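Asker: Show me the folded form of this:
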Amino acid sequence: MATRTDAYPDVAIPPGEYLLEENAARGMTRKELARQMGIPVNAFNEIINGKKAITAETGLQLEAVMPEIPARFWLNLGSDYQLTKALIKRGA
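Answerer: This is a model prediction of the structure:
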C-alpha cells in the first residue's frame, strides 16, 4: 500500500508563529503571556522560534490563558510541525 504525502505542506511553520499572532491580536507582550503561563520568557521565545516543542503541559498552560483555544489545538499544531519537518528532511 502506498502512502501519499502530497497532502502535507512543503513548508514547516512552527506553532510558535501562530502563538505569536494570537499574542499580538490580544495586545499582549511576550513577557506578559509567559508570565501568565508561568514560564520563563526565554522558554516562551524558544517556543516562538520552533526550538522548544509544545508539550501537553504547555498546551494546558496556553489553554488556561486563552480558554477559547483548547490545549489539543496547540498540541496538534506541534505534531503537524514535527511531521512536516520530518517529511521535508526525508524529501517527500
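Asker: Looking at the chain, which helix is longest?
Answerer: helix 71-90 (DSSP state H).
Asker: Can you mark which positions in stretch 66-80 are buried?
Answerer: 66, 71, 73, 74, 75, 77, 78 (16 or more other CB atoms under 10 Å). Every residue, glycine included, has its C-beta placed from N, CA and C.
Asker: Just list what the longest helix of the chain packs against, helices and strands only.
Answerer: If contacts are counted by 3 or more CB pairs under 8 Å, 6 or more residues apart in numbering; DSSP states H and E, helix 71-90 sits against helix 15-25, helix 56-65.
Asker: quick one on the thing from earlier: any idea which of the buried residues of stretch 66-80 is closest to residue 91?
Answerer: Nearest to residue 91 among the buried residues of stretch 66-80: residue 78, at 22.4 Å, using CB to CB.
Asker: Do I have it right that the closest one meets residue 52?
Answerer: No: counting by CB atoms under 8 Å, residue 78 stays clear of residue 52, with 9.9 Å between them.
Asker: before we move on, the earlier item: can you give me the angle the longest helix of the chain makes with helix 56-65?
Answerer: 130 degrees (axes from the mean of the first three to the mean of the last three CA atoms, to 10 degrees).
Asker: C-alpha coordinates for helix 71-90, CSV please?
Answerer: Extracted in CSV, the C-alpha atoms of helix 71-90 (Å, rounded to 0.1, in the frame of the first residue of the first chain):
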residue,chain,number,x,y,z
ALA,A,71,-4.8,22.6,24.5
ARG,A,72,-5.4,19.9,21.9
PHE,A,73,-5.2,22.6,19.2
TRP,A,74,-1.7,23.6,20.3
LEU,A,75,-0.6,20.0,20.5
ASN,A,76,-1.9,19.3,17.1
LEU,A,77,0.0,22.3,15.7
GLY,A,78,3.2,21.0,17.3
SER,A,79,2.6,17.4,15.9
ASP,A,80,1.9,18.7,12.4
TYR,A,81,5.1,20.9,12.6
GLN,A,82,7.2,17.9,13.6
LEU,A,83,5.7,15.7,10.9
THR,A,84,6.2,18.3,8.2
LYS,A,85,9.8,18.8,9.2
ALA,A,86,10.4,15.1,9.0
LEU,A,87,8.8,14.8,5.6
ILE,A,88,10.8,17.7,4.3
LYS,A,89,14.0,16.1,5.6
ARG,A,90,13.1,12.8,4.0
